[in-house]
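**Q** Could you work out the structure for the sequence below:
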Amino acid sequence: MKRSTEDYVIDIVIYSSLIILAFLTLYPFWNSLVISFNDGNDTAAGGITFWPREFTLENYRYVFKDNRMIHSLWVTVARTVVGTFLSIMFTSMFAYAMAKRDLIGKKFYMIVCVITMYFGGGLIPTYLLIKELHLMNTFWVLVIPGMISVWNMIIFRTFFQGLPDGLEESAKIDGCNHLGIFFRIVLPVSGPVIATLSLFTAVGHWNAWFDASIYITNQKLLPIQVLLNQTIRSIVAVESSTQVSATKQEFLLGLQSVTHKSIVMSTTMVATIPIMLVYPFVQKYFVKGVLVGSLKE
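**A** Numbering: from 1, shown residues only. The predicted structure follows:
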């Protein structure tokens, strides 16, 4: 079919809009990466856009010179892996039960679940509950409170309801119970939804900092997000201090070519890049997984 002038004009408008949108989305991240590799004093002069003017690794040396940073990174990795695994496992088991048509009290359970999506117990009652459960200053306080996601349960349930009934019926004939059907039949065919929700859950655990800042005072259990926030705040506090003490002089000398802005950008990259590397491995599941909840209800 021959393309008209209007078709070419529409294509130009569409592709131009997509290019502008991609630039507006990617450039802030790229500029932050460039600043993190540029000399801090040179960055203060302005004009850093697409490439470092004075390349340096001093910003990252300052971030990682504290051994707590490496330890907190491992805490965050452990939280992300363990938290994602437990959340997906228990949420999917919950959803599998809710997908059963003959489940007694199914509507009541669903109403209770939906209520929790709109109303919370409050910060103070939650804090007192965590304290009574003896989860304060433990690794599990980062994992257990958010182990069940009602929204993810609904998506899992919708996916399970779309599976052919013949799968379970044939498994029951072979002697499988509900656990056997779930682990041997249902989970193996749920790759797209598991991969998609696992990524969203992992990103949530990786970026979470509020719960750790409230429930954890042990420095050895702090995730990297909290520690990076403390690092930035300490720099701001020293730079804004009007009294030039010996500690401040030593601190400023240790910074050398590092400035507050360069530290902010480098810490942002440290907290962002690792979780971004996960996206390419699950990208192929997005088309199926993200649209699961809109296909059947």
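**Q** List the buried residues for whichever strand or helix holds Val114?
**A** Using DSSP states H and E, Val114 falls within helix 106-118. When neighbours are counted by 16 or more other CB atoms under 10 Å, the buried residues of helix 106-118 are found to be 110, 113. (Glycine included, C-beta is placed from N, CA and C.)
**Q** quick check: mean pLDDT across whichever helix or strand comes after it?
**A** Tracing the chain past helix 106-118, the next element assigned as helix or strand by DSSP H and E is helix 123-132. Average pLDDT, helix 123-132: 92.
**Q** immediately after helix 123-132, which helix or strand?
**A** Sequence order places helix 150-161 as the next helix or strand after helix 123-132, per DSSP H and E.
**Q** Ramachandran coordinates for the residue nearest to Val77 when sequence neighbours are not counted?
**A** Using CB to CB, 6 or more residues apart in numbering and skipping the chain neighbours, the partner closest in space to Val77 is Pro274 (7.9 Å). The phi and psi torsions at Pro274 (degrees, to the nearest 10) take the values phi -60, psi -40.
**Q** any idea how far Pro274 lies from Ala202?
**A** As judged by CB to CB, to the nearest Å, Pro274 and Ala202 stand 10 Å apart.
**Q** Check Leu133 too.
**A** 25 Å.
**Q** same deal with Ile155?
**A** Shown here: Ile155 relative to Ala202, a distance of 16 Å by CB to CB.
**Q** so what's Val63 up against?
**A** 69, 228, 231, 263, 266-267, 270 (CB atoms under 8 Å, 6 or more residues apart in numbering).
**Q** Please apply the same query to Leu197.
**A** Contacts here follow CB under 8 Å, 6+ apart; on that basis Leu197 touches 88, 91, 152, 155-156, 289.
**Q** Got the confidence number for the most centrally placed residue in the chain?
**A** In the chain, the C-alpha nearest the mean C-alpha coordinate belongs to Val203, at 1.5 Å (CA atoms, centre = their mean). At Val203, the pLDDT value in this model is 88.
**Q** Let me know the secondary structure of it.
**A** Reducing the assignment to helix, strand or coil with DSSP: H, G, I helix; E, B strand; the rest coil, the entry for Val203 is helix.
**Q** from here on, count from 400
**A** In the new count, where the first residue is 400, that last one comes out as Val602.
**Q** wait, it sits on Leu676?
**A** No: Val602 sits out of contact with Leu676 when judged by CB atoms under 8 Å, with a separation of 11.9 Å.
**Q** Could you grab the helix/strand/coil label for Arg502?
**A** You called it Arg, but residue 502 is Leu. Per three-state DSSP, the secondary structure class of Leu502 is coil.
**Q** In the chain, where is pLDDT below threshold?
**A** By pLDDT under 70, the weakly predicted segments of the chain are 400, 634-635, 637-656, 681-696.
**Q** which stretches of it form strands?
**A** When assigned using DSSP state E, the chain turns out to have no strands.
**Q** could you check the distance from Val663 over to Glu531?
**A** In terms of CB to CB, Val663 sits 38 Å off from Glu531.
**Q** of the two, who's got more company?
**A** A side-by-side neighbour count of Val663 and Glu531, using other CB atoms under 10 Å, places Val663 first with 19 against 9.
**Q** check contacts around the more buried one.
**A** Residues in contact with Val663 (CB under 8 Å, 6+ apart) are Ile631.
**Q** That one and Asn437, how far apart?
**A** When distance is defined by CB to CB, Val663 is 13 Å away from Asn437.
**Q** Roughly how far does the nearest residue to Thr537 once chain neighbours are set aside sit from Met509?
**A** Distances taken as CB to CB, 6+ apart place Leu620 nearest to Thr537, at 7.5 Å, with adjacent residues excluded. Remark: distance between Leu620 and Met509 (CB to CB) = 36 Å.
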